[in-house]
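*Asks:* Sequence plus predicted model, see below.
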Amino acid sequence: MSRILGVFAAAGSMTQYSDSLNSDAEAVYCPDDGPCDAVGSSRYERVDLHCHSLCSDGSLPVSELINRAAAAGLKWFSITDHDTLQGQEEARALAAQTDDLHYVTGVEWSAVWNGVLVHLVGLDFDPNHPASQTAATRQLRARRKRAVRIAQKLDRNGFSGVEDWVRSEDAPELPGRPHFARHLVATGQIGSVDQAFRRFLGAGKAGDVKSHWPEMAEVIDWVHAAGGQVVLAHPQRYKLTGRKRRQLVADFAEAGGDALEIAVPGMPPNTKQLLVELCVDHGLAGSSGSDFHDDSQHWLALGQVPALPRNIQPIWEKFAI
Ligand code: AMP
Ligand code: MN
Ligand code: MN
Ligand code: MN
């Protein structure tokens, strides 16, 4: 049996995200073979295959993430920034100087399935393969185009100067919705990042523009062409009915997808059970990742993910490295 160790109150900036990519995860899940209190101990996987750096919407540099992953005693580690391969070379070089850490090339590609935004974590692929390079160029263009659309929508919804900002050198090269939220807070136009998402940037709100992303099946092909594995990121967070979620996983498997991300912090046991069943039904492997962005996510830590169920093949067993 599994245990729920803690439930956080849903209030203000202390909450977990609650938009379409981020819901139903307010409890801390732990496997039952020990207390949930130490990073890198045998009670956790020594694996974290999903996190973000300053290259996308994380707040720590690649070097700090590598230091933390090494300090946590991880064996397999990947930085999976949104739609960019920018930090990969540095991460690999720094990890090579550590004792035990195997660095896995990673990315989190944005895609659509049936009009729903989905995130696909690509792992252990060749970042210099033409398919990877074309994908990165295409996603950069899509993200920049989308950013202008988001900015225009925000300006039309009562904010000011957002388009000017996003076109200026002050904006990041690959602007994401968290950057918009932080900009609105920094310019005193909204009270908090959380509020910005709840009112303007979350699923179905004015700033939720997804028309520029490629189809899920195409993204799966990019990663496979470059020799990698594809993980459906946080399958529990998409706002879907049970039937649609099963269809998403079936289509993901049919398109050649490799694994579901099921060992993640805060997933309630019944949700995990459902995902494990879907893995088994479709012959998919499992992946583990914290989706760490920054220290304000007090409910998780880099490298702290629960163990995968024993009947699920770990995706890292399929890595070529
Ligand atoms: P984008 O990649 O630009 O579509 O932005 C999605 C990112 O926004 C996710 O990867 C999360 O990091 C972040 N996010 C989503 N929902 C929220 C929320 N409610 N509050 C804060 N950040 C969020
Ligand atoms: Mn993010
Ligand atoms: Mn994601
Ligand atoms: Mn992520």
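*Replies:* Perfect, I can see it now. Numbers count the residues shown, from 1 in each chain. Ligands and ions are numbered 1, 2, ... in the order given.
*Asks:* Please list the residues of this structure that sit near ligand 4.
*Replies:* 108, 291 (Cβ under 5 Å from the ion). To be clear about C-beta, it is placed using only N, CA and C from the backbone, and glycine gets the same treatment.
*Asks:* again, only using 6 Å
*Replies:* Proximity of the chain to ligand 4 (Cβ under 6 Å from the ion) is limited to residues 50, 52, 108, 291.
*Asks:* ok, those vs residue 175, which is closest?
*Replies:* Distance to residue 175 across these (Cβ to Cβ) is lowest for residue 52, with 14.1 Å.
*Asks:* Residue 107 versus the closest one, what's the distance?
*Replies:* Distance from residue 52 to residue 107, counting by Cβ to Cβ, to the nearest Å: 11 Å.
*Asks:* any common contacting residues for these two?
*Replies:* Residues within reach of residue 52 and of residue 107 at once, by Cβ atoms under 8 Å, 6 or more residues apart in numbering, are 80, 81.
*Asks:* More neighbours: which of those two?
*Replies:* Under the criterion of other Cβ atoms under 10 Å, the comparison of residue 52 against residue 107 puts residue 107 first, with 30 against 24.
*Asks:* quick one, what contacts that one?
*Replies:* Contacts of residue 107 (Cβ under 8 Å, 6+ apart): 80, 81, 83, 84, 85, 88, 121, 122, 125, 136.
*Asks:* Helices of the protein, start to end?
*Replies:* Per DSSP state H, the chain carries helices over the ranges 62-71, 88-96, 130-156, 162-167, 177-186, 193-196, 216-225, 242-254, 269-282.
*Asks:* Throw those into TSV and include mean pLDDT and mean neighbour count, thanks.
*Replies:* TSV is the format used below for those (pLDDT from 0 to 100; neighbours: other Cβ atoms under 10 Å):
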stretch	mean pLDDT	mean neighbour count
helix 62-71	97	20
helix 88-96	98	18
helix 130-156	97	18
helix 162-167	98	19
helix 177-186	98	20
helix 193-196	97	20
helix 216-225	98	21
helix 242-254	98	16
helix 269-282	96	17
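*Asks:* Who are the contact partners of the closest residue to residue 90 other than its chain neighbours?
*Replies:* Distances taken as Cβ to Cβ, 6 or more residues apart in numbering place residue 62 nearest to residue 90, at 4.9 Å, with adjacent residues excluded. By Cβ under 8 Å, 6+ apart, the contact set of residue 62 is 53, 54, 55, 79, 87, 90, 91, 94.
*Asks:* try it again with 6 Å
*Replies:* When contacts are counted by Cβ atoms under 6 Å, 6 or more residues apart in numbering, residue 62 touches 53, 87, 90, 91.
*Asks:* Using a markdown table, lay out these together with distance to ligand 3.
*Replies:* Listed next are these as a markdown table, based on distance: Cβ to the ion, whole Å:
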| residue | distance to ligand 3 |
| --- | --- |
| 53 | 14 |
| 87 | 16 |
| 90 | 22 |
| 91 | 18 |
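*Asks:* Farthest pair within those residues?
*Replies:* 53 and 90 (9.2 Å).
*Asks:* Tell me the spacing between residue 122 and ligand 3.
*Replies:* For residue 122, the distance to ligand 3 equals 12 Å [Cβ to the ion, to the nearest Å].
*Asks:* Which residue is the nearest non-sequential neighbour of the residue of the stretch 1-150 of the chain found nearest ligand 4?
*Replies:* Using Cβ to the ion, the closest approach of the stretch 1-150 of the chain to ligand 4 is made by residue 108 at 4.8 Å. The shortest distance from residue 108 to any non-neighbouring residue, by Cβ to Cβ, 6+ apart, is to residue 80 (4.5 Å).
*Asks:* likewise residue 92?
*Replies:* residue 103 (4.9 Å).
*Asks:* Stretch 60-72: how far from the chain's middle?
*Replies:* How far stretch 60-72 lies from its chain's middle: 17 Å, per Cα atoms, centre = their mean, to the nearest Å.
*Asks:* touching ligand 1 at all, it?
*Replies:* No. Applying Cβ under 6 Å from any ligand atom, one finds stretch 60-72 separated from ligand 1 by no less than 13.5 Å.
*Asks:* Repeat that for stretch 249-269.
*Replies:* No. Using Cβ under 6 Å from any ligand atom, we find that stretch 249-269 stays clear of ligand 1, coming within 13.1 Å at best.
*Asks:* Pull the residues that contact that stretch.
*Replies:* By Cβ under 6 Å, 6+ apart, stretch 249-269 touches 2, 25, 27-29, 217, 220, 229-235, 275, 278-279, 282, 284-290, 299-300, 305-306, 308, 315.
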